[in-house]
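Asker: sequence first, then the predicted structure:
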Amino acid sequence: MEHEQSGRVRPYFSDFPLQVLARPRDGGGFDVSGDMNGDDETVGCYANSVTALVDAIQMERAGRPGFGCGDAGTFDRHLFHSRDGKSLIANVRIGWPVHRRKIILRPGLGFATITKRLRQRVPDDGAPLSFEVDEDAFAWLDAIHERAGLYAWRETARAALSWNADRMTKAALRALESIEVTVCDASRCDEVALFDPESEQWHFVPAKEFLIR
């Protein structure tokens, strides 16, 4: 997925900042990590920058180096347009599918992911002035975090934005060192794994309560 940066008065995701994983392209611009959803490639966003860094480290180990965290609101608005131009879409990546408490790997050895889709209709007279995490998405995100006992997840996500690189890397490496991985079909997911960067502990919630089969 490609984009060019552009300036604007009020970035998307200003109310609750989201992160993306991006790496520079030869000749300028960036590649941004995304998910295929039918005919659309959707930007993968993160509520927590440590969650993003965990994925970036695993991507490097799987042969896709160079991705780093960036503020989703600093990227070109067109990056979030659906292929038909009728919607703004983004996937909020918040955790990982696990089988018997092992993270499920994609075929390319990157981590599979658990996401919440954001979608907003583009009006006929042009792009919306804002694109934010909506109430429905927050309700789902609150529910899955609170099921894991992470009631202050929003505050933790905001606090992590100010962490220095050493603290971020330490938390991400702790996450990777303290869980195993497995190769199996994603349909075998039995729990969702969430990592709390403050306590550097994994939390697990039943997949059947939050995932649509």
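Answerer: Noted; the coordinates are in hand. Residues are numbered from 1 along each chain as shown.
Asker: who are the contact partners of the nearest residue to residue 50 once chain neighbours are set aside?
Answerer: Once flanking residues are discounted, residue 50 sits nearest to residue 197: 3.9 Å by CB to CB, 6 or more residues apart in numbering. The way it works is simple: take the backbone N, C-alpha and C, and place the C-beta from them, glycine included. Residues counted as contacts of residue 197 (CB atoms under 8 Å, 6 or more residues apart in numbering) are 48, 50-51, 156, 160, 171, 175.
Asker: ok, residue 161 - contacts?
Answerer: 17, 49.
Asker: give me the distance from the single longest strand found in the chain to the chain's centre.
Answerer: Determined from DSSP state E, the single longest strand within the chain is strand 87-99. How far strand 87-99 lies from its chain's middle: 6 Å, per CA atoms, centre = their mean, to the nearest Å.
Asker: got it, and stretch 181-194?
Answerer: 17 Å.
Asker: could you measure from the residue sitting furthest away from the middle of the chain over to residue 86?
Answerer: Largest separation from the mean C-alpha position in the chain: residue 125, at 29.8 Å (CA atoms, centre = their mean). Residue 125 sits 13 Å away from residue 86, going by CB to CB, to the nearest Å.
Asker: need the pLDDT of residue 183.
Answerer: pLDDT for residue 183: 92.
Asker: can you tell me how far the closest residue to it other than its chain neighbours is from residue 116?
Answerer: The spatial neighbour of residue 183 that comes closest, neighbours along the chain excluded (CB to CB, 6+ apart), is residue 105 at 5.2 Å. As judged by CB to CB, residue 105 and residue 116 stand 21 Å apart.
Asker: return the residues in contact with residue 163.
Answerer: Per CB under 8 Å, 6+ apart, neighbours of residue 163: 49-50, 171.
Asker: which among these gets closest to residue 82?
Answerer: residue 49 (25.9 Å; CB to CB).
Asker: so how far is residue 162 from the closest one?
Answerer: For residue 49, the distance to residue 162 (CB to CB) stands at 10 Å.
Asker: of these two, who's got more company?
Answerer: residue 49 (24 against 8; other CB atoms under 10 Å).
Asker: residue contacts, the more buried one?
Answerer: 19, 69, 157, 160-161, 163, 168.
Asker: please enumerate the helices of the protein.
Answerer: 49-61, 135-147, 153-160, 165-177 (DSSP state H).
Asker: could I get those helices as a markdown table with distance to residue 129 and mean pLDDT?
Answerer: Shown next, in a markdown table, are the helices of the chain (distance: least, CB to CB, whole Å; pLDDT from 0 to 100):
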| stretch | distance to residue 129 | mean pLDDT |
| --- | --- | --- |
| helix 49-61 | 26 | 96 |
| helix 135-147 | 18 | 97 |
| helix 153-160 | 23 | 97 |
| helix 165-177 | 32 | 97 |
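Asker: okay, these in a markdown table with distance to residue 26 next?
Answerer: As requested, these are exported to a markdown table (distance: least, CB to CB, whole Å):
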| stretch | distance to residue 26 |
| --- | --- |
| helix 49-61 | 18 |
| helix 135-147 | 35 |
| helix 153-160 | 31 |
| helix 165-177 | 25 |
